[in-house]
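Engineer: Predicted model follows, preceded by the sequence.
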Amino acid sequence: MVEARLAGPLVYSIAAHRGFADALVAGIVPRYREEGFGLARLTLLVPSSRAARTLSEAFIRHAGANGEGGLLMPRMVAVGDLDLDEKLGAALDPLGAADIPPACDPVARWLTLDRLIAEERKPEGMEPLPGRARLNLAREMARTMDRLLVEEKTVADLWESEAVLDSVAGLAEHWKRAIRLFSRVNTRWNFVLAERGEVDAATRRNLLFAAAAKRWKEAPPPHPIVAAGVTSAAPALARLLRVIAELPQGAVILPDLDREMDEAAWDEVGLAGASAQPGGPVFGAQDALTHPQYHLKLLLNRMGVNRAEVQPWHRRGMGAAEPARSRAISSLFLPPQASRSWIDLDADKRRLAGVRLMTSATIEEEAQGIALLVREALEAPEKRIAVVTADRGLARRVVQHLERWNIAADDSAGRPLALTPAGRLFGLLAEIAAEGPDPAHLVAAFAHPLVRGQEPEARRDWLKGLRAFDRELRGPALAPGLEPLRKAAREAKVEGWWDEAEALVAPLGDWPAVIPLAEALDRLARAGEAFAGIAVWEREDGRALGTLIEELRGHSQALGTMIETADLGGALRDCMDAVAVRPGYGGHPRVAIYGLLEARMARADLVICGGLNEGSWPQPPGADALLAPAILRALGVPGAEFRIGLAAHDLAGCMGAPEVVLSRALRDAEGPTLPSRFLLRVEALLGDDLAKDHRESRIPALLPHLDRQRPPADPYPRPAPDPAPDKRDVPIRVTALDRLLGDPYQFYAQAILGLRRLDPLSADPFSDPALRGTLVHDILDQWHKARATDPGLAIDRFAEEHFAAERVHPLFRALWQPRLIAALTRFEQWVREAEAEGRTVLASEISGAMVVDGVKVMGRADRVDRLPDGSLAIVDYKTGRVPSKAEVEAGFALQLGLLGLIAEAGGFAAEGVPAAAATGFEYWSFGKKDDGFGKRMSPMKLSSREGGLEPEKFLPHHTEKLHLAIREYIKGRRPFTARENPDYKGYNEYDQLMRLEEWLVRLTDEGGEA
């Protein structure tokens, strides 16, 4: 039965160590239970739907612990959390509330604000914003409006309050423009609401709270009403809670109000909504907004309740800790001046019994450690474990590590829709529509698990074609459009596969620069169904995506919202990031993973607080982009730091569990981290001596042994493979002899193992000299062939047409085309001057071969000329570095000489170059010389001032090196030793294969070759 109550408001506080949900149930059941009705006559006001579920679980546990077969539970009504986009329960928002206007749809408001912002920026002299930035500003403006409405402030308060006007006068000009824009848009939005007969959702909440307070005050309900765990300090809600606290059968029960803090420390927390003098400010510049008790003090002040009137809740929950924990938590979060009392605290009062500190090197190790703690705790029967973290990346890692023990632990905070399978596919399609068919986005979309996912055989064939296509796309970024992709499909011999793939992606191309948002969503939805069928709308993520699209499409169509196609991908990703997709039920019954909001009121026997780093817990306060902090203070609205205090209160609540582990990583995915300010306070309270006793050292020590530990590997030796004779007998390319003599292992990997580097998709075209080489070789080859019928053809115009026909990447063309054409123009001048002297171009881009000692030597000559004396000249075009004469002499740049030997042996006869002596060897470089781009040089010593090989020794030197390589490596048994010649300036693409860094340092330390 309900106990008799004293006059005045009835307000309780459940200390952190008691465990809010279980302690609340333990006290409510005997106090409000009625024979035959159970708790059915009781109405519980709770903060959110999640809190209602937490209390339901607590009621079930209580009934089970007392051996009851069933229990009629109370009616639980959610106050509704705007942060979670929740609505009020039916008791506060009854069907008969016709006198209160309906709330506007939040999506309609967001899109309307987008339009109003675009219209109002022009009179303020502001530049037009692109679509995504404008939509984000509209989202931020909606949040600011809600923030003011919850505090019962209007746009008129910005210009009618003297305190606000005084603050505006001292602001920078950009703040003044932002305030004017906010005021103009807000005023126009209010006219739109009046025309529609609607109000903002926050305004409707205030009106409903006021109506319920008036109704219950005038006619107190005949049944008990208890507000439990509601800590929002909104003025309208605070007045409602005051009414509930004064009802004959009403009560307000707060979580974790610090009743032990002395009055001096309580005053140090700040004004918190209660001005020191009539008409004075209600928020002071020195208010401790980040203190965990600040929002509770603000709530009590707005309720008109003194802290001394709050009574302790004497019932304990099943998972309660010792009372000393609450006293330690109170000391831990004392305000700065009061924290001086730590100096005089005895060790037993600073000790946090049952609290452990765990520090990991990386976020991955932290997730492993948390998972191991959970696995160990599950060995104890009926022990409940909760992992609480604001870092969703850490939560996902913990879930994955728990799967190794078949422990299904879902993250109740959910995942952003953009990171789910359906959201990823939709985002990829939007990026393709916005940026064109980029190979990286295309391959990711075609390989998405939802594509052909319901037909295993069809997906296998689909992926087979995709892999061949993917392999062909590797390398420098292609030019925009579908034609380069068609060419790649032809070269990969997957034309049939590409026909099907192009049909999927074609609707995403050639969109207008600006498109109606509704039409864009229609096109993307059809494309999504073409890619994945109905699978894109199935499961929780598909349903969330479908709901989001329908809301956006309906309201954007009604409002005529337009968006730049280039901003479409980013704008949709922002929308999907705001939608959390929560898993269904079915996880482990004793393991829960919570975000900070979801963890409120929850309790477990072991609570692991993870990710205690600055930027995670607490998260950085998002400063209001439209109203300066001084303006908010003058209006009487709490500042952005208020949320840090809420995060501190969340941690204090978690620390009330019997066992607590506070965990952090020294590095996260982005780099080094800073410990949370809350964790630093814990370590400061404990001191160095006690902190050592609270360190969790056992689990980190077990982590290296979590997986089977392999025996230490022997030091990796310098590779020197010795393949069998039949494997050695391979042809030698003229470009590979350098590798064979300079770094034999590279020749072994390339020519014998047949390994090639796999380039990334859409690689940077400027980092690949081969791309420039291929382009200019093709241009010069085709120009020489075209001159057979048009001797006067100018190369500059010809090269420009070639660049356009090849659809080279636009950025590459802009940066490289001018300098390449400048060098080509100089090449043309040299060719015509040589022709005037009797030199003739015989052939370009020709392949030839010869046999030496039974080994085929083959190569491709960029150009072969006939000199006036009838001998041949070999020309090699260089878009990169030109080999030095010393490298030629050392045997590390033998390409030109080997091509000369092939020409003398008649190896190019099939290409129209008869056998003749080769006496000329030239590098034509695209490098810059003093007077412009383009220079030519010879690898031979042509004057006494130069170094290198003399002309009569040039080809004999190459012949000697060729015979040496064949004798030692191809026909012999000399090992292909890695980096045999340190002076060789070759390629490094096989360094990882030879595990260079493992043995090179050891070789150097032993005094070997550097």
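Structural biologist: Yes, it's here.

Engineer: List phi and psi for residue 227.
Structural biologist: phi -100, psi 120 (degrees, to the nearest 10).

Engineer: Spell out the secondary structure type for the residue in the chain sticking out farthest from the centre.
Structural biologist: Of all residues in the chain, residue 869 sits farthest from the chain's C-alpha centroid, using C-alpha atoms, centre = their mean; the distance is 67.2 Å. Three-state assignment for residue 869 (DSSP: H, G, I helix; E, B strand; the rest coil): coil.

Engineer: what about the closest residue to it other than its chain neighbours, how many neighbours?
Structural biologist: Spatial nearest neighbour of residue 869, excluding adjacent residues (C-beta to C-beta, 6 or more residues apart in numbering): residue 919 at 7.8 Å. No exception for glycine: its C-beta is placed from N, CA and C like everyone else's. Residues contacting residue 919 under the criterion other C-beta atoms under 10 Å number 19.

Engineer: and residue 919, which of the three is it?
Structural biologist: Relying on three-state DSSP, one would call residue 919 strand.

Engineer: Is it in contact with residue 872, as I believe?
Structural biologist: Yes - Residue 919 lies in contact with residue 872 (C-beta atoms under 8 Å); the separation is 7.2 Å.

Engineer: Might you list the low-confidence residue ranges for the stretch 251-400 of the chain?
Structural biologist: The stretch 251-400 of the chain contains residues with pLDDT under 70 at 279.

Engineer: hang on, residue 821 packs against residue 801?
Structural biologist: No - here residue 821 does not reach residue 801: they are 11.3 Å apart, not a contact under C-beta under 8 Å.

Engineer: So between these two, which is more surrounded?
Structural biologist: Higher neighbour count among residue 821 and residue 801: residue 821, with 20 against 11, using other C-beta under 10 Å.

Engineer: Tell me the buried residues in whichever strand or helix holds the more buried one?
Structural biologist: In this structure, residue 821 sits in helix 810-836 according to DSSP states H and E. Residues of helix 810-836 classed as buried: 812-813, 816-817, 819-821, 823-828, 831, 834 (neighbour count, 16 or more other C-beta atoms under 10 Å).

Engineer: same deal with stretch 978-990?
Structural biologist: For stretch 978-990, by 16+ other C-beta under 10 Å, it's 978-981, 984, 986, 990.

Engineer: pLDDT (mean, whole number) over stretch 10-27?
Structural biologist: Averaged across stretch 10-27, pLDDT comes to 92.

Engineer: got the end-to-end distance for it?
Structural biologist: 15 Å (C-alpha to C-alpha, to the nearest Å).

Engineer: And for stretch 443-459?
Structural biologist: Per C-alpha to C-alpha, the first residue of stretch 443-459 is 14 Å away from its last.

Engineer: So which bits of it are buried?
Structural biologist: 443-446, 448, 450-453.

Engineer: now swap in stretch 925-933 and tell me
Structural biologist: In stretch 925-933, counting by 16+ other C-beta under 10 Å, buried: 925-927, 933.

Engineer: Closest one of the residues you listed to residue 334?
Structural biologist: Nearest to residue 334 among the buried residues of stretch 925-933: residue 927, at 70.0 Å, using C-beta to C-beta.

Engineer: hang on, the earlier thing: so of the buried residues of stretch 443-459, which ones are in helices?
Structural biologist: 443-446 (DSSP state H).

Engineer: Using CSV, lay out these together with distance to residue 937.
Structural biologist: Output for those, formatted as CSV (distance: C-beta to C-beta, whole Å):
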residue, distance to residue 937
443, 43
444, 46
445, 49
446, 48
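
Engineer: now, among those residues, which is nearest to residue 660?
Structural biologist: Once C-beta to C-beta is applied, the member of those that ends up nearest residue 660 is residue 444, at 41.7 Å.

Engineer: Now the closest one: closest residue in space, sequence neighbours ignored.
Structural biologist: residue 428 (5.5 Å).

Engineer: For the one you found, give me its contacts.
Structural biologist: 441, 444-445, 448 (C-beta atoms under 8 Å, 6 or more residues apart in numbering).

Engineer: pretty sure it belongs to a helix, no?
Structural biologist: Yes - applying three-state DSSP, one finds residue 428 inside a helix.

Engineer: begin at 53 from here
Structural biologist: Sure thing, new numbering starts at 53, so read that last one as residue 480.

Engineer: Please tell me how far it sits from residue 340.
Structural biologist: 46 Å (C-beta to C-beta, to the nearest Å).

Engineer: on that earlier part again, mark which of the buried residues of stretch 977-985 are part of strands, please.
Structural biologist: Within the buried residues of stretch 977-985, residues falling in strands by DSSP state E are 977-979, 985.

Engineer: Using JSON lines, lay out these together with distance to residue 791.
Structural biologist: Shown next, in JSON lines, are those (distance: C-beta to C-beta, whole Å):
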{"residue": "977", "distance to residue 791": "22"}
{"residue": "978", "distance to residue 791": "24"}
{"residue": "979", "distance to residue 791": "23"}
{"residue": "985", "distance to residue 791": "29"}
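
Engineer: any chance of these in a markdown table, plus distance to residue 951 and pLDDT?
Structural biologist: What follows is these, written out as a markdown table (distance: C-beta to C-beta, whole Å; pLDDT from 0 to 100):
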| residue | distance to residue 951 | pLDDT |
| --- | --- | --- |
| 977 | 17 | 88 |
| 978 | 20 | 85 |
| 979 | 21 | 84 |
| 985 | 25 | 87 |
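
Engineer: Out of those residues, which is nearest to residue 407?
Structural biologist: residue 979 (66.9 Å).

Engineer: doesn't residue 985 make contact with the closest one?
Structural biologist: Yes - the pair residue 979 and residue 985 qualifies as a contact (C-beta under 8 Å) at a distance of 7.2 Å.

Engineer: residue ranges of the strands in the stretch 803-952 of the chain, please?
Structural biologist: Ranges of strands in the stretch 803-952 of the chain, per DSSP state E, counting those that start in this stretch, are 892-904, 907-918, 924-930.

Engineer: can you tell which of these is closest to residue 160?
Structural biologist: strand 924-930 (63.2 Å).

Engineer: right, and the strands of the stretch 803-952 of the chain - which one's nearest residue 215?
Structural biologist: Per C-beta to C-beta, nearest to residue 215 of those: strand 924-930, 73.5 Å.

Engineer: same question for stretch 207-220, mean pLDDT?
Structural biologist: 78.

Engineer: in that stretch, what counts as buried?
Structural biologist: 207, 209-210, 213, 215-216, 219-220.

Engineer: so what's residue 207 closest to, chain neighbours aside?
Structural biologist: Per C-beta to C-beta, 6+ apart, closest to residue 207 is residue 238, 4.3 Å.

Engineer: any idea which helix or strand carries the one you found?
Structural biologist: If you go by DSSP H and E, residue 238 is part of helix 225-248.
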